[in-house]
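Engineer: Fold the following and give me the result.
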Amino acid sequence: MIAALVLLVLLGISVLANLSHFLGGLVPMKVALSNTVGPRLEEVTTEDHGASSKIAVVEVSGLITDRALDQGGYNMVDVIKAQLKRAEEDEKVKAVILKVDSPGGEVLASDEISRAIADFQTKPPGKPVVCSMGGLAASGGYYVSAPCRWIVANDLTITGSIGVIMSTWNYRGLMDKVGVLPETFKSGKYKDMLSGSREPSSITPEEREMVQSLIDQTYGKFKSVVAAGRKLAQEKNKGKGRALSEDWTDYADGRILSGTEAYKLGFVDELGTFDDAVKRAKMIAGIPRANVIEYQQRFDISDLFRLFGRSDSKVVKVDLGMDVPKLQAGRCYFLSPTFLH
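Structural biologist: Coordinates of the predicted model:
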């Protein structure tokens, strides 16, 4: 019986290993590359034009967050930074396309990605980053796009939504109805200023002003990133593309914009598709032809075993047809309000 169990386990491992190898073979022209530190990435050629030069595509898809997204403990910021690092180190990569389809997300995560894109373009030999906006590139989605050398949007792209939102819940009324009385011990008078158990009438104007000041500071940073990114793009492009309109700040009030409206206001440089972004990247990089590649995370058999050992494996999840953002109370977000309803 013991021998049979051992053989069964070995057979299971063999099946999983062969399955992993088979699935890996379905992706064309993979070049396995191992990272000693950070996410393990492998290069995948998505468009082979027989060229020596490459254009790397880096995706920003879904809610922008710094929470771990995979079994290795890596988050969106980690993966994007690792992809940019790979593109920087590969001499054959002449340009990067930032493919954005996101409603925004966390302030800090958006800022880290934005900084990484800006820093990438300053390192010799100065490889350009061209942004290709998908159906949605709003709020934090635009924040990460702003530092790009050139921005391409579809005329139906939903973008803009330049602003900051922070929300919390006040459930004191419900507590009073069920007879629950909170007792709070604090080190300072403002320590519970965002507590949901307080009486709404006890929230002072001074507290509201402090929270609003935090929002205003973050909003000011958002506008400065937009202004600096678009100005630098104009300088690098030597007047080509679109400059921000003089009244652009009037439209930076949280409203969403179509790609066409964003183009008129100078938030994007060109109306087009992903293919147009590829053409523009080749034009800016000065290369006639290029293969288009992506860096995908590589998983192996050890990741499957970690998946089986997850402590939350007993949780039942319901597929609603969309990913509902897990927003945290008291935390600032660059997030399009259209995604919250």
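Engineer: would you list every one of the strands in the stretch 1-150 of the chain?
Structural biologist: 30-32, 41-47, 54-61, 93-102, 104-106, 129-138, 150-153 (DSSP state E, counting those that start in this stretch).
Engineer: angle of the second one against strand 54-61?
Structural biologist: Calculated by axes from the mean of the first three to the mean of the last three Cα atoms, to 10 degrees, strand 41-47 forms an angle of 110 degrees with strand 54-61.
Engineer: The fourth one now?
Structural biologist: Relative orientation of strand 93-102 and strand 54-61, computed by the same axes, to 10 degrees: 20 degrees.
Engineer: May I have the strands that pair with strand 93-102, each with its orientation?
Structural biologist: strand 54-61 (parallel), strand 129-138 (parallel) (DSSP bridges).
Engineer: still on that earlier bit, out of the strands of the stretch 1-150 of the chain, which gets nearest to residue 184?
Structural biologist: Set against residue 184 and scored by Cβ to Cβ, those come closest in strand 104-106, at 27.5 Å. Any C-beta I mention is one placed from the backbone N, CA and C, and that applies to glycine too.
Engineer: What about residue 47, how many residues nearby?
Structural biologist: Applying other Cβ atoms under 10 Å, we find 15 residues neighbouring residue 47.
Engineer: For it, give me its contacts.
Structural biologist: By Cβ atoms under 8 Å, 6 or more residues apart in numbering, the contact set of residue 47 is 278, 291-292.
Engineer: Show me what it bridges to in the sheet.
Structural biologist: Beta bridges link residue 47 to residue 292 when assigned by DSSP bridges.
Engineer: picking that back up, make a markdown table from the strands paired with strand 93-102 and add mean pLDDT to it.
Structural biologist: Putting the strands paired with strand 93-102 into a markdown table (pLDDT from 0 to 100) gives the following:
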| stretch | mean pLDDT |
| --- | --- |
| strand 54-61 | 97 |
| strand 129-138 | 97 |
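Engineer: got a markdown table for those strands, with mean neighbour count too?
Structural biologist: Below are the strands paired with strand 93-102 laid out as a markdown table (neighbours: other Cβ atoms under 10 Å):
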| stretch | mean neighbour count |
| --- | --- |
| strand 54-61 | 22 |
| strand 129-138 | 26 |
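Engineer: now the ones you listed as CSV including distance to residue 116?
Structural biologist: Listed next are these as CSV, based on distance: least, Cβ to Cβ, whole Å:
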stretch, distance to residue 116
strand 54-61, 10
strand 129-138, 10
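Engineer: Residue 220 is nearest to which of those?
Structural biologist: strand 129-138 (19.0 Å).
Engineer: and that closest one, how far from the chain's centre?
Structural biologist: 11 Å (Cα atoms, centre = their mean, to the nearest Å).
Engineer: Would you mind putting the CA coordinates of that strand into CSV?
Structural biologist: Taking Å, rounded to 0.1, in the frame of the first residue of the first chain, the C-alpha atoms of strand 129-138 are listed here in CSV:
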residue,chain,number,x,y,z
VAL,A,129,7.8,55.1,-23.6
VAL,A,130,4.7,55.5,-25.7
CYS,A,131,1.4,55.1,-24.0
SER,A,132,-1.4,53.2,-25.7
MET,A,133,-4.7,53.7,-23.9
GLY,A,134,-7.4,51.1,-24.1
GLY,A,135,-11.0,51.4,-23.2
LEU,A,136,-10.3,53.0,-19.8
ALA,A,137,-7.3,55.0,-18.6
ALA,A,138,-8.8,57.3,-16.0
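Engineer: In the longest helix along the chain, which residues are buried?
Structural biologist: The helix spanning the most residues in the chain, taking DSSP state H as the definition, is helix 205-236. For helix 205-236, burial by neighbour count (16 or more other Cβ atoms under 10 Å) applies to 207, 211, 218-219, 222, 225-226, 229-230, 232-234.
Engineer: okay, the closest residue to residue 68 other than its chain neighbours: pLDDT?
Structural biologist: Closest residue in space to residue 68, ignoring its immediate chain neighbours: residue 75 at 5.2 Å, by Cβ to Cβ, 6 or more residues apart in numbering. In this model, residue 75 is scored at 92, pLDDT.
Engineer: picking that back up, same list (the buried residues of helix 205-236) but as JSON lines, adding pLDDT and distance to residue 190.
Structural biologist: Converted to JSON lines, those look like this (pLDDT from 0 to 100; distance: Cβ to Cβ, whole Å):
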{"residue": "207", "pLDDT": "94", "distance to residue 190": "7"}
{"residue": "211", "pLDDT": "93", "distance to residue 190": "10"}
{"residue": "218", "pLDDT": "96", "distance to residue 190": "19"}
{"residue": "219", "pLDDT": "96", "distance to residue 190": "22"}
{"residue": "222", "pLDDT": "97", "distance to residue 190": "25"}
{"residue": "225", "pLDDT": "98", "distance to residue 190": "29"}
{"residue": "226", "pLDDT": "98", "distance to residue 190": "32"}
{"residue": "229", "pLDDT": "97", "distance to residue 190": "35"}
{"residue": "230", "pLDDT": "98", "distance to residue 190": "38"}
{"residue": "232", "pLDDT": "97", "distance to residue 190": "39"}
{"residue": "233", "pLDDT": "97", "distance to residue 190": "41"}
{"residue": "234", "pLDDT": "96", "distance to residue 190": "43"}
